[in-house]
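Enquirer: A structural model of the following input is requested.
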Amino acid sequence: MKRIGIIGAGGIANKHAGAWAGVEGAQIVAVADPDAERVSALAERTGAKAYPSVEAMLADVTIDAADICVPTLQHIPVAMACLAARIPTIIEKPMARTVADARALVDAYNSAGVPLAPAHVVRFFQDFTAIRSQIESGAVGKPAVVRITRGGPFPRGKNGWYGDPAQSGGVLLDLSLHDFDWLRYTFGEVERVTANCLMAQGAVDRDYALAVLRFKSGVIAHVEGTWVHTDGFRVEVEISGDKGVLEHSSQFPYAVKVRKNAAEAGPAVAFPESPTFKDPYTAELEELLAAVTEGKPARVTAEDGVASLAIAEACWKSAKTGEPVTLHA
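Expert: Below you'll find the predicted structure:
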């Protein structure tokens, strides 16, 4: 039985706690957070022991893996504490607030020979798995244009940290990062970006961003991230190729629609391969746990975490300057 320690007791920590319950061979034994009320509630829910800090937790209990679920600016100090204790680590996205910090963190873990894995859950959602499978099978031919929309109302965080771009990085870093990671996973390296966003222009407690990514492969992606839509969270995807169009909307979960060109008639709807749907957070943590404790391959690596952060950082720079930013000439 792998013994898991969760650092954090907010929304994502609770989401992960529920997901860990579905991971066979894993048990949450410790939860650390300075908020006494939150950490006590999560500890009671999971049957784990509560601690006021990661240092207190690591000094008292033996764990096989740490799951870091704290706000972004706390990622580095918490991860370094886990590294000092040589604990294999899973860390929520984004790995750090800046590319420089993420690079230094990965290098430190690599130098020490301690496994580190970022939690980029969109790679594990069945709908996005099905989309990628359809693209690879040639369902829409050669992809040319991608449009992705993700978002909803402004997130609530302790002390309003999401509203401070110095802490959260705004919608580009905290939310659209999901899509930057999946797009790179699916279409390869990004060559150049152009972006606009409200927080880059001084908006407070609201954000909306539109980024255009040009890939080395020639694919162009339009990525819309929103924290201003108050009617609920939504995800929409459209991928156009020379043989048809692939569509998905979170209003119709687990269905991916393929509209063929007239000369390319085929099935109207493609479904994920498995008829039973495992919670994507459970699938993610199951795979990452095996990666950091057993050395098994995972579909997302620490280097992927740095690369997606670099795309988000380039988009922020473009939004601040009004100029395109080149990542890979």
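Enquirer: I'd like to know how many residues surround the residue nearest to L177 when sequence neighbours are not counted.
Expert: In this structure, L177 finds its nearest non-sequential neighbour in A312, 5.0 Å apart by Cβ to Cβ, 6 or more residues apart in numbering. Just so you know, the C-beta spots here come from the backbone N, C-alpha and C atoms, and that holds for glycine as well. Residues near A312, counting by other Cβ atoms under 10 Å, number 29.
Enquirer: Please, which helix or strand holds A312?
Expert: helix 302-321 (DSSP states H and E).
Enquirer: now for that helix, which elements pack on it?
Expert: helix 99-112, strand 116-119, helix 170-174, helix 177-187, strand 190-197, strand 208-215, strand 325-326 (3 or more Cβ pairs under 8 Å, 6 or more residues apart in numbering; DSSP states H and E).
Enquirer: Tell me which of the ones you listed sits nearest to E294.
Expert: Judged by Cβ to Cβ, the one of the helices and strands packed on helix 302-321 that comes nearest to E294 is strand 116-119, at 11.9 Å.
Enquirer: Tell me the gap between the helix or strand that the closest one is followed by and the middle of its chain.
Expert: Using DSSP H and E, the helix or strand that follows strand 116-119 towards the C-terminus is helix 126-136. Relative to its chain's centre, helix 126-136 lies at 17 Å (Cα atoms, centre = their mean, to the nearest Å).
Enquirer: For helix 126-136, which helices and strands make contact with it?
Expert: helix 177-187, strand 234-241, strand 244-249, strand 256-260, strand 269-270.
Enquirer: Now do that helix, average pLDDT.
Expert: For helix 126-136, mean pLDDT rounds to 94.
Enquirer: which regions of the stretch 151-300 of the chain sit below the pLDDT cut-off?
Expert: 253-254, 259, 262-276 (pLDDT under 70).
Enquirer: repeat that for 80
Expert: Across the stretch 151-300 of the chain, the ranges flagged by pLDDT under 80 are 252-277.
Enquirer: The helices and strands packed on helix 126-136 into TSV, with extra columns for mean neighbour count?
Expert: Formatted as TSV, those follow (neighbours: other Cβ atoms under 10 Å):
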stretch	mean neighbour count
helix 177-187	23
strand 234-241	19
strand 244-249	19
strand 256-260	19
strand 269-270	14
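Enquirer: Of all those, which one comes closest to L288?
Expert: Comparing these by Cβ to Cβ, helix 177-187 comes nearest, at 14.0 Å.
Enquirer: ok, back up a step: now the helices and strands packed on helix 126-136 in a markdown table, with distance to L73?
Expert: Shown next, in a markdown table, are these (distance: least, Cβ to Cβ, whole Å):
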| stretch | distance to L73 |
| --- | --- |
| helix 177-187 | 15 |
| strand 234-241 | 26 |
| strand 244-249 | 33 |
| strand 256-260 | 36 |
| strand 269-270 | 41 |
